[in-house]
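In: have a look at this prediction, sequence included:
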Amino acid sequence: MKKTFLLIVAVLFSVVATAAKYSQTTHIQTGGKSREVFIYVPDCYTENRPLVISVHGMNQDIAYQKGMAQWEKVADTANFAVVYPQSDGTQWDINGMTDINFMLDIIKKMSQDYKIDESRVYITGFSMGGMLTYHIINNVADKFAAFGPISGYNLWGANYDCSRPVPICHVHGTSDSVVNYNGIEAIIKGFAQKDNCDPTPEVTQANNICKKTHYKNGDCETEVILYSVQGRDHEPTNNGFHTTKALWDFFRNYTNGCGKINATGVSLSLSESIGEAPATVTLTAKATLPEGVSVKSIEFYQGSNLIETVTDEPFEVSVEDLEIGKYEFSAVMTDNQGKTYNSAKKSFEVKAPQAPYNGVASVLPGAVEMENYDEGGEGMAYHDSDDKNEGNAYRKNEGVDLEEFETGQYALGWTKKGEWVEYTLEVKYDDEYTWTAYAASGSDGSSFKLYIDNEAISQAISIKNSGDWQTFREYTGKTGSLSKGKHILKVGIEADYVNIDKIEFKAVNEHVETGLLSLENSADIDGEYEVYSLNGTLISVINISGTSVEEALKAKKFAKGSYAIRKKGGTRSEVIILK
């Protein structure tokens, strides 16, 4: 009996030992350290095949991730390599570049040793590994073909910043007690919007315990999927719903280029999804056909109306002078055998031109109040991670988050990386301007950046933790030379959660307007006046009635000195000297 048992064991060992070309723990040099990885290359492996990187969670290890995910079983039949990396300590770097560079070094090593297809590298991670997956999306999306986070996302708010349309398949248990399920649906919707997918997802049952929310027809045929596993807690298991198989079924469709792999048909992309009236948009069709079959023609449609028929590459047309409204475009390809293929429909929205809030530009020198961002809406005057004003203050029906920190005083708040707002400026003088931003943060690591006419006028401005969200500190800088006339100020959020009250601009040189207004000390000058310092900074607005200018200023407790005063709405000023 013992001999029989030993023979069976020997046979089983032989099978396991020959089931893979490589299956063991090794080390990779990265960032000056030797980092542990487990590499699995199936026996069926041939060169130029995909790589899947599977990342464990916090306080876990390779053995746990490997035992739960079991990517080797899929790799044995689908012919791809697998790597399980080990964290340096108990956590992954989900803020900096340390572990991103680790993943890139894994790709480099696998390319050298196993000639993987670098256009088909996929990454998936559980819990904190899922958070790392999203961090990679935000920083090096072009290095990976598709992404499969499991039960992990950025708990401090979504960041949709990425270099290309990203295919994402996220799996999450509805009873997750560690990374709450409630936050993921909005994040998936946000990435679907970023990818320009159809706004309404297809919702089906993947099986009796798993709901599938499927956003389709994004740019470059990108899709975004959320698998919601009913009753599953915080675990990367395949029980009840086979997470690993679902991810591979998704991954295998993509490279890190534009479009799905071996998809026969025609896809349509737009040069942009939002335009300013009168707008121009370029439609580009991509044809994928079997060997020996060619394109005869591609017809472009606006709604049901034919725009143009194109028979030669590049397959693209431009549509001009589109007025305010929503438009739908599609393409129909006919091959040389007479077979036709229809693209998915793509939407394009034309909005009113960007304009100053209430038609009044912010005047420089002067203050730019953050709540008075331009009109024009999402994608034109601002970009926000959702369509809700979290503070429900001031401009309540728009997506920019505003907080009323004192009665009638508002600040930009609830900010997240990648968001931005724009302001039309009316610059009065050819000059350089100093600026002072009033910002607060109740957390560490917040930052923002300033641009004028899309040219940076600052580096990322790091905000010190002020202990709360209403203690505004001053941050200063200089614009460089600005010409008189219209300009656009852009405030871009570089890192989450900074509140900004206003930004004040002062001319470097003194300016006194020519064409002085004659002000008499009599009642005929009654009205509303703007009072400026001699460097052009607006100090106050005062009402003058039945008294002289000097007396009106003294009544308002103005200090002795020189001021420029101008009737509101007027174009000429007079210098007043209080003694």
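Out: Thanks, I have it.

In: where does the protein dip in pLDDT?
Out: Under the criterion pLDDT under 70, the flagged ranges of the chain are 1-19, 262-263, 512-524, 534-536, 571-572, 579.

In: and with 50 instead?
Out: 1-18, 514-518, 520-523 (pLDDT under 50).

In: how's it carved up into domains?
Out: Listed domain ranges for the chain are 12-251, 265-351, 357-507, 523-578 (source: automatic domain parsing).

In: okay, how far is it across the second one, tip to tip?
Out: With CA to CA, to the nearest Å applied, domain 265-351 spans 32 Å between its terminal residues.

In: figure out how far it is from the centre of its chain.
Out: Using CA atoms, centre = their mean, to the nearest Å, the distance from the centre of domain 265-351 to the centre of the chain it belongs to is 26 Å.

In: nearest residue to K490 other than its sequence neighbours?
Out: Using CB to CB, 6 or more residues apart in numbering and skipping the chain neighbours, the partner closest in space to K490 is Y451 (4.1 Å). C-beta coordinates here come from the backbone N, C-alpha and C atoms, glycine included.

In: for whichever strand or helix holds the one you found, packing partners?
Out: If you go by DSSP states H and E, Y451 is part of strand 447-452. The elements that strand 447-452 packs onto, with contact taken as 3 or more CB pairs under 8 Å, 6 or more residues apart in numbering; DSSP states H and E, are strand 431-440, strand 461-462, strand 473-482, strand 485-495.

In: the helix or strand just after that strand pairs with which strands?
Out: On the C-terminal side of strand 447-452, the nearest following helix or strand under DSSP H and E is strand 455-456. Using DSSP bridges, the strands paired with strand 455-456 in its sheet are strand 447-452 (antiparallel).

In: just to be sure, I123 is in a strand?
Out: Yes: I123: assigned to a strand according to DSSP: H, G, I helix; E, B strand; the rest coil.

In: so it sits against F144, correct?
Out: Yes: the pair I123 / F144 is scored as a contact, 5.3 Å apart, by CB atoms under 8 Å.

In: what's the burial count for N358?
Out: One way to gauge burial is a neighbour count; for N358, by other CB atoms under 10 Å, it gives 7.

In: whoops, P167 was the one
Out: 28.

In: now do the same contact list for the closest residue to L538 other than its chain neighbours.
Out: Leaving aside its chain neighbours, L538 sits nearest to G366 (4.9 Å; criterion: CB to CB, 6+ apart). Taking CB atoms under 8 Å, 6 or more residues apart in numbering as the contact definition, G366 lies against 504-505, 536-538.

In: now do P199
Out: By CB under 8 Å, 6+ apart, P199 lies in contact with 192-193, 347.

In: which stretches in the stretch 451-579 of the chain count as strands?
Out: Taking DSSP state E, counting those that start in this stretch as the test, the strands found in the stretch 451-579 of the chain are 455-456, 461-462, 473-482, 485-495, 499-507, 527-532, 538-544, 561-567, 573-578.

In: could I get those as JSON lines with distance to T26 and mean neighbour count?
Out: Conversion of the strands of the stretch 451-579 of the chain to JSON lines gives the following (distance: least, CB to CB, whole Å; neighbours: other CB atoms under 10 Å):
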{"stretch": "strand 455-456", "distance to T26": "44", "mean neighbour count": "12"}
{"stretch": "strand 461-462", "distance to T26": "39", "mean neighbour count": "16"}
{"stretch": "strand 473-482", "distance to T26": "48", "mean neighbour count": "14"}
{"stretch": "strand 485-495", "distance to T26": "36", "mean neighbour count": "19"}
{"stretch": "strand 499-507", "distance to T26": "48", "mean neighbour count": "22"}
{"stretch": "strand 527-532", "distance to T26": "71", "mean neighbour count": "18"}
{"stretch": "strand 538-544", "distance to T26": "67", "mean neighbour count": "14"}
{"stretch": "strand 561-567", "distance to T26": "74", "mean neighbour count": "17"}
{"stretch": "strand 573-578", "distance to T26": "76", "mean neighbour count": "16"}
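
In: could you dump those strands to JSON lines with distance to V203?
Out: Rendered in JSON lines, the data for these read as follows (distance: least, CB to CB, whole Å):
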{"stretch": "strand 455-456", "distance to V203": "42"}
{"stretch": "strand 461-462", "distance to V203": "42"}
{"stretch": "strand 473-482", "distance to V203": "46"}
{"stretch": "strand 485-495", "distance to V203": "32"}
{"stretch": "strand 499-507", "distance to V203": "37"}
{"stretch": "strand 527-532", "distance to V203": "57"}
{"stretch": "strand 538-544", "distance to V203": "54"}
{"stretch": "strand 561-567", "distance to V203": "60"}
{"stretch": "strand 573-578", "distance to V203": "63"}
